[in-house]
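Undergrad: Just a sequence and a predicted model for now, questions to come.
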Amino acid sequence: MQFATFTVMLDKNEKCRNITDIVKDMVSKWGAVSGLLLVFVKHTTCAISINENESGLIKDFSDMLVQIVPTSGEKHNEKYYRHDDLQIRTENLDKDREERVNGHAHLKAMLIGPSKTMPVINGILNFGTWQQILFFDFDDLAERQERTITVSLLE
């Protein structure tokens, strides 16, 4: 088994980044012939998807997610999420940091999921013509954070 990690930090207004080339380079360096490749992000407000990297599609997807899971927070006052209500929430609180209003980000990430598995055949990812590996960060941070992605190959 091979594995490696790398970090991604989106720009403030960036919602998605294509990480396909980074992952392909890893597979190439490992000299893998065939196996299953797992791409996993270890953050609860982020997700991994496989789809076409086309700006209109990414915007449509983002708009759809906002319809399903509206942004939370006082400034938007659109939706109430129990996760954001510190009057009732008692679990998973970090006493060293101020909690953010990000229930919507967790829910969006849960819909898509933190990982994808794909086949490697003859040393390359077995993708369709337009398929790409897309990383999403749904947290509306004033300053973005580095996110860690793990790639592992089971040969």
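TA: Perfect, thanks for sending it.
Undergrad: neighbours around residue 136, how many?
TA: 24 (other Cβ atoms under 10 Å). In this view, the C-beta of every residue, glycine as well, is placed from N, C-alpha and C.
Undergrad: Roughly how far does it sit from residue 107?
TA: Using Cβ to Cβ, to the nearest Å, residue 136 is found at 13 Å from residue 107.
Undergrad: what does residue 42 give?
TA: Residue 42 is 18 Å from residue 107, by Cβ to Cβ.
Undergrad: And these two? Which one has more around it.
TA: residue 107 (19 against 12).
Undergrad: which SS class is that one?
TA: helix (DSSP: H, G, I helix; E, B strand; the rest coil).
Undergrad: again with the one 4 residues further on
TA: On the three-state scheme (three-state DSSP), residue 111 is labelled helix.
Undergrad: That one and residue 49 touch, don't they?
TA: No - counting by Cβ atoms under 8 Å, residue 111 sits too far from residue 49 to count as a contact (10.2 Å).
Undergrad: buried stuff in the lengthiest helix in the chain?
TA: Ranked by number of residues, the top helix in the chain under DSSP state H is helix 55-68. Using 16 or more other Cβ atoms under 10 Å as the test for burial, helix 55-68 gives 58, 61, 65.
Undergrad: show me the contacts for the residue positioned nearest the centre of the chain.
TA: Nearest to the geometric centre of the chain sits residue 47, at 2.3 Å (Cα atoms, centre = their mean). Applying Cβ atoms under 8 Å, 6 or more residues apart in numbering, we find residue 47 in contact with 41, 108-109, 111-114, 135-136, 138.
Undergrad: In what element of secondary structure is it found?
TA: Assigned by DSSP states H and E, residue 47 falls within strand 46-52.
Undergrad: and that strand, how far from the chain's centre?
TA: Offset of strand 46-52 from its chain centre (Cα atoms, centre = their mean, to the nearest Å): 7 Å.
Undergrad: Kindly point out the strands partnered with it and how each is oriented relative to it.
TA: strand 131-137 (antiparallel) (DSSP bridges).
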